[in-house]
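[1] Structure, please.
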Amino acid sequence: MEKKLKGLFYITFFAVMILVVLPTVSFTQTPGKLTIGLMYDLTGPAAELGRSERDGAAWAIEEWKIKHGKMKGREIEYVEGDDMSDASRATTIVKRMLNLDKIVALSGSSTSSCSIAACTVAKEVRPVPVVCGAAASKLFEDFHDICFSGPGSNYHYVRGYFPQLQKDGKKTIAVIYDNYAWGIDAWKWTKKWVDDVYGAKNGMKVVAGEPVELGTENVTAQLIRLKKEKPDCLIGHMIGTAESAGTLRGLVEMNWGVQYYTLDVSFGTMIATQPKEILEGVKVLAYWTPKKPYAQKVMKEFEEKRGKLPPNLAGFFHQYDVTRALLIAMARANDPTNCAQIVAQFEKIRGEEQATGTVESKLNFGPETYGDLDHSMLHSRPFYTFTKGEKVF
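    Here you go, the predicted model:
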């Protein structure tokens, strides 16, 4: 009996050891797939933007697979998550992706609050590069060692308004903004650019600001309070469909003739979803252009495969560009799963003009500095004025 028990012990022991060791040996001999997480707002208040960004990121991966096949002998795949612009939901999704899906990189999110949550989890659980569609400067101040942005940071985005305001002779500025991380940060940078530069230089002054919750359809009360301050222009820092449309409707219903300025990332959704009458005369800060041969080629190939372009092409392109840059950085790294190596390659792609550790590098310009890659973004940050019947995109 004792011999049988000893024999059983040794059989069990070696069986367990084989189970423990075998996966390690198998992984070394035949590496598994490279999985990239895509996390965007797909059904929440910024869903029109988020789905377009998801399509851009997914297309970059699909395009890579069509053109290159495997990466260093390993298949590339992606998994999706819908954060609904909810930071706590984003936290749960990223933990699942890191622990269960074993992602090696993350593309997302649409919003700054969810992107900050994603970067926080990645730093705590397992560092992976994050290429987001968000722009709050906290992302690049606190997570510049893992985070890269499609559109760049608010530091650069907000500055783009002032040359046009100066050209238009605007002096008194009111702002309506989303009351969450990105909008609050954009509001902060608006005041800072005026206080530090354009106030003394051009006599500009911020006279009022009103926050709006994501998903709010009626913003008339906020517009009434802003109108009382008699600004000669209004800037909208908003990405949610409901509040962006509510602002445009409110301006028309109040018959308030103030000049309204906003960003193409939010306005692209308005063109696709709203009556053209309420868009008339809006001045839009353009972050990308469909006129580049590069962009035309990407749109044609996407339409041929998918049949229809996404509604928000600005969002599509900034996440296509940054996810494509991520894939190239992974391919150039010795180990496409090593976060530090991927980030080092990403820094090279971004160009030498952003010396690591400087304020400018931490605040992230966006894809226009991807020195050796084509991209759809614009250096000049031009404005266009929307006119009914005009095909903008």
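
[2] any low-confidence regions in the protein?
    Where the chain drops to pLDDT under 70, the residues are 1-31, 350-382, 388-393.

[3] Wait, residue 179 touches residue 219, no?
    No: using Cβ atoms under 8 Å, residue 179 is not in contact with residue 219; the gap is 11.2 Å. Using the backbone N, CA and C atoms, a C-beta is placed for each residue, glycine as well.

[4] More neighbours: which of those two?
    residue 219 (25 against 15; other Cβ atoms under 10 Å).

[5] For the more buried one, list the residues it contacts.
    Residues in contact with residue 219 (Cβ atoms under 8 Å, 6 or more residues apart in numbering) are 176, 210, 212, 243, 246, 247, 250.

[6] that older thread, now the common contact residues for residue 179 and residue 219.
    residue 212.

[7] rewinding a little: for the contacts of residue 219, give me JSON lines that also has distance to residue 317, secondary structure and neighbour count.
    Listed next are the contacts of residue 219 as JSON lines, based on distance: Cβ to Cβ, whole Å; DSSP: H, G, I helix; E, B strand; the rest coil; neighbours: other Cβ atoms under 10 Å:
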{"residue": "176", "distance to residue 317": "26", "secondary structure": "strand", "neighbour count": "28"}
{"residue": "210", "distance to residue 317": "30", "secondary structure": "strand", "neighbour count": "20"}
{"residue": "212", "distance to residue 317": "26", "secondary structure": "strand", "neighbour count": "26"}
{"residue": "243", "distance to residue 317": "23", "secondary structure": "helix", "neighbour count": "29"}
{"residue": "246", "distance to residue 317": "26", "secondary structure": "helix", "neighbour count": "22"}
{"residue": "247", "distance to residue 317": "24", "secondary structure": "helix", "neighbour count": "26"}
{"residue": "250", "distance to residue 317": "29", "secondary structure": "helix", "neighbour count": "22"}
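
[8] Grab the two from those that are most spread out in space.
    Distances among these were taken as Cβ to Cβ; the most separated pair is 210 and 246, at 12.1 Å.

[9] Quick check, central residue of this structure?
    For the chain, the residue sitting closest to the mean C-alpha position, by Cα atoms, centre = their mean, is residue 133 at 0.1 Å.

[10] So what sits opposite residue 149 in the bridge?
    Beta-bridge partners of residue 149, counted by DSSP bridges, are residue 132.

[11] And it, how close does it get to residue 206?
    Applying Cβ to Cβ, to the nearest Å, the value for residue 149 to residue 206 is 25 Å.

[12] between the two, which one's more packed in?
    Comparing residue 149 with residue 206 by neighbour count (other Cβ under 10 Å), the higher total belongs to residue 149, at 28 against 21.

[13] dump the residue contacts of that one.
    With Cβ under 8 Å, 6+ apart, residue 149 has these contacts: 131, 132, 133, 134, 135, 139, 140, 322, 364, 366.

[14] The fifth one: what's it in contact with?
    It refers to residue 135. Contact analysis of residue 135 by Cβ under 8 Å, 6+ apart lists 112, 149, 151, 152, 153, 154, 157, 182, 185, 186.

[15] again, but for the first one
    By Cβ under 8 Å, 6+ apart, the contact set of residue 131 is 57, 105-107, 147-150, 319, 322-323, 325-326.

[16] List the single closest residue to it in space, sequence neighbours excluded.
    residue 322 (4.5 Å; Cβ to Cβ, 6 or more residues apart in numbering).

[17] what about residue 169, neighbour count?
    9.

[18] Could you measure from it over to residue 311?
    The separation that residue 169 has from residue 311, given Cβ to Cβ, amounts to 34 Å.
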